[in-house]
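K.L.:
this is the structure alone, sequence omitted:
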Ligand SMILES: NC(=O)C1=CN([C@@H]2O[C@H](COP(=O)(O)OP(=O)(O)OC[C@H]3O[C@@H](n4cnc5c(N)ncnc54)[C@H](O)[C@@H]3O)[C@@H](O)[C@H]2O)C=CC1
Ligand SMILES: O=C(O)[C@H]1O[C@H](OP(=O)(O)OP(=O)(O)OC[C@H]2O[C@@H](n3ccc(=O)[nH]c3=O)[C@H](O)[C@@H]2O)[C@H](O)[C@@H](O)[C@@H]1O
């Protein structure tokens, strides 16, 4: 029986390994983590992450060929294939701070693999890493030269949160990069055999290591660039009376552009887009490619501009001050169908509003941990959040926000009552009929907002 061990039981390690276990009943999969609370949660009925369909997959395999453990060294030692899916955040200190990827967790995992291994292993980079990381990992793995053969593969993950199970069941592609040696090719074939249990073979792309590593950064950079492009257009739409949804539809019909990922928003969030672009920028700078670095930096600049622009719209619409005013935040997660709030644009919007002394009341359909910030309350109900508020900001596109009773909400609010829709989820005309003043990102402006300065 092939034994797989995955180091890191997070948003990627948990769901990917659960799907491998489901689709490969003859493979034993153990997911290990240094975090005891995370492993305890995976072993309970209350999984540590919310992801549609995940509960069902885990239920079908847990205890059969899927296990979660904190006994990291034991399971790594026993495995034939070791996936490394640890976090790779942006460095906050030292050389490359604010840009470079922090590979501390990766390095410590690699050192541990080298120390505990007694048999040959395939080590798979699942985390998103800088191009050329495999070379460094190889050096670490072979530093104590025990005669063990380690083959490094790059197998980046392309799932998106909220649709992880769907993406894993039916991926656009699986990418495997390896050394162009016979050992490297054998390792690629072994991993390809695992995915081939459910992924059509023509969707499994095999490349050299550096192409695989760089393709992951490139994919995220292109995706984020699309959002910054449409968000840049949204500002111009507001200035001209064009409607960004109509523009997106019109350009998306061009098969070379395509219809997906053209939704204007308050800005992209999530733990990866910004970190991976910063990582790309840093790599370009290290290779002396300043122009290329500046090109990608602009994607983040527009994203920051969009968030600031949104806050400025709110403040300027509400008589240039939100001091002491209650502002309701509907949606805090960085996108719908996830409980993940890492790098969510809602954080920046709230910070901006608190900077202007607003009182914030947040409702998100996913449970949120209580906050210690004095001006912020987290509540369990949208009606509670909006009661007595001067304005509402919709920051996540949860479906349930379309179905709220906005007349009831309006009646409970201070007047004039404002809605700032950062996701274009509500029917602005319907809300205007109720009496709201509505700002919807990239849409023709409400008469109220027309003459207000709101440029970042
Ligand atoms: N979140 C996402 O949707 C996606 C993330 N990625 C990439 O996958 C990687 C992991 O991301 P997430 O799963 O979101 O991170 P996460 O933070 O949810 O999970 C990482 C886990 O690794 C554990 N860990 C760290 N060092 C360890 C060690 N030495 N031994 C054992 N466990 C250790 C941590 O305790 C944590 O539970 C990152 O590189 C990310 O860029 C790639 C595609 C999608
Ligand atoms: O490397 C990663 O972590 C992952 O990053 C993204 O996935 P994720 O961040 O989970 O979610 P997305 O659906 O890409 O959304 C990212 C952000 O962009 C925003 N977005 C997305 C699409 C759009 O049209 N407009 C828009 O503002 C979302 O609301 C969200 O804040 C990529 O889509 C995945 O392919 C990748 O594997």
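P.N.:
Cool, the structure landed. If you're wondering where the values come from, they're calculated on a predicted model, not measured in any experiment. Numbers count the residues shown, from 1 in each chain. Ligands and ions are numbered 1, 2, ... in the order given.
K.L.:
alpha carbons only for contacts and neighbour counts from here, please
P.N.:
Noted.
K.L.:
get me the contact residues on the stretch 51-200 of the chain for ligand 2.
P.N.:
Neighbours of ligand 2 within the stretch 51-200 of the chain, by CA under 6 Å from any ligand atom: 157, 158, 159, 160, 161.
K.L.:
isn't residue 125 up against residue 86?
P.N.:
No. If you go by CA atoms under 8 Å, residue 125 and residue 86 don't touch, sitting 9.4 Å apart.
K.L.:
which residues in the stretch 101-250 of the chain form helices?
P.N.:
For the stretch 101-250 of the chain, the helices defined by DSSP state H, counting those that start in this stretch cover 104-116, 133-141, 164-169, 182-195, 209-240, 244-252.
K.L.:
report the angle between the second one and helix 209-240.
P.N.:
Going by axes from the mean of the first three to the mean of the last three CA atoms, to 10 degrees, helix 133-141 is angled at 140 degrees with respect to helix 209-240.
K.L.:
counting by contacts, list what helix 133-141 packs against.
P.N.:
helix 104-116, strand 150-154 (3 or more CA pairs under 8 Å, 6 or more residues apart in numbering; DSSP states H and E).
K.L.:
average pLDDT across the first one?
P.N.:
If you average the pLDDT over helix 104-116, you get 96.
K.L.:
next, the contact list for whatever residue of the stretch 101-250 of the chain ends up closest to ligand 1, please.
P.N.:
The nearest approach of the stretch 101-250 of the chain to ligand 1 comes at residue 127, 3.5 Å away (CA to the nearest ligand atom). Residue 127 makes contacts with 84, 85, 86, 87, 88, 156, 157, as judged by CA atoms under 8 Å, 6 or more residues apart in numbering.
K.L.:
related to what we said a few turns ago, need the helices of the stretch 101-250 of the chain in JSON lines (columns: distance to residue 271).
P.N.:
Listed next are the helices of the stretch 101-250 of the chain as JSON lines, based on distance: least, CA to CA, whole Å:
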{"stretch": "helix 104-116", "distance to residue 271": "16"}
{"stretch": "helix 133-141", "distance to residue 271": "20"}
{"stretch": "helix 164-169", "distance to residue 271": "15"}
{"stretch": "helix 182-195", "distance to residue 271": "26"}
{"stretch": "helix 209-240", "distance to residue 271": "11"}
{"stretch": "helix 244-252", "distance to residue 271": "26"}
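K.L.:
show me the contacts for the residue lying closest to residue 216 once chain neighbours are set aside.
P.N.:
Counting by CA to CA, 6 or more residues apart in numbering, residue 216 lies nearest to residue 156, which is 6.1 Å off, once chain neighbours are set aside. Shown in contact with residue 156 (CA under 8 Å, 6+ apart): 125, 126, 127, 128, 175, 176, 212, 213, 216.
K.L.:
let's see 10 Å
P.N.:
Neighbour list for residue 156: 85, 124-129, 174-177, 212-217 [criterion: CA atoms under 10 Å, 6 or more residues apart in numbering].
K.L.:
in PyMOL, select just the buried ones from those.
P.N.:
Entered in PyMOL, the line below selects the buried ones among those, by 16 or more other CA atoms under 10 Å:
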select buried, resi 85+124+125+126+127+128+129+174+175+176+177+212+213+214+216+217
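K.L.:
coming back round to it: overlap of the contact sets of residue 125 and residue 86?
P.N.:
Common contacts of residue 125 and residue 86 (CA under 10 Å, 6+ apart): residue 106.
K.L.:
is it correct that residue 429 is in contact with residue 438?
P.N.:
Yes. Under the criterion of CA atoms under 10 Å, residue 429 makes contact with residue 438 at 8.5 Å.
K.L.:
hang on, the earlier thing: format the helices and strands packed on helix 133-141 as TSV; extra columns: mean neighbour count.
P.N.:
What follows is those, written out as TSV (neighbours: other CA atoms under 10 Å):
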stretch	mean neighbour count
helix 104-116	18
strand 150-154	26
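K.L.:
for those, give me a markdown table that also has distance to ligand 1.
P.N.:
Putting these into a markdown table (distance: least, CA to the nearest ligand atom, whole Å) gives the following:
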| stretch | distance to ligand 1 |
| --- | --- |
| helix 104-116 | 4 |
| strand 150-154 | 12 |
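K.L.:
okay, those in TSV with distance to residue 407 next?
P.N.:
As requested, the helices and strands packed on helix 133-141 are exported to TSV (distance: least, CA to CA, whole Å):
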stretch	distance to residue 407
helix 104-116	50
strand 150-154	53
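K.L.:
where's residue 320, which helix or strand?
P.N.:
Using DSSP states H and E, residue 320 falls within no helix or strand.
K.L.:
wait, isn't residue 103 in contact with residue 84?
P.N.:
No. Counting by CA under 10 Å, residue 103 stays clear of residue 84, with 11.8 Å between them.
K.L.:
who's more crowded, the two?
P.N.:
Neighbour comparison, residue 103 and residue 84: the larger count goes to residue 84, with 25 against 18 (by other CA atoms under 10 Å).
K.L.:
which residue packs closest to residue 253, ignoring adjacent ones?
P.N.:
residue 259 is the one closest to residue 253 (CA to CA, 6+ apart), at 6.2 Å.
K.L.:
and that neighbour, how many neighbours?
P.N.:
Neighbourhood size, residue 259 [other CA under 10 Å]: 15.
K.L.:
and it, what is it in contact with?
P.N.:
Residue 259 makes contact with 248, 249, 250, 251, 252, 253 under the criterion CA under 10 Å, 6+ apart.
K.L.:
go again using 7 Å as the cut-off
P.N.:
Residue 259 makes contact with 249, 252, 253, according to CA atoms under 7 Å, 6 or more residues apart in numbering.
K.L.:
keep only these that also lie close to ligand 2.
P.N.:
By CA under 6 Å from any ligand atom, no member of those lies near ligand 2.
K.L.:
residue ranges with poor pLDDT in the chain?
P.N.:
Applying pLDDT under 70 to the chain flags residues 453-456.
K.L.:
from the contacts of residue 127, pick the one nearest ligand 2.
P.N.:
Set against ligand 2, the nearest of the contacts of residue 127 by CA to the nearest ligand atom is residue 157 (5.5 Å).
K.L.:
so the closest one sits against residue 129, correct?
P.N.:
No. With contact defined as CA atoms under 7 Å, residue 157 does not count as touching residue 129 (11.0 Å).
K.L.:
ok, now which ones touch the residue positioned nearest the centre of the chain?
P.N.:
Nearest to the mean C-alpha position of the chain, by CA atoms, centre = their mean, lies residue 270 at 3.5 Å. By CA under 7 Å, 6+ apart, the contact set of residue 270 is 334, 342, 343, 344.
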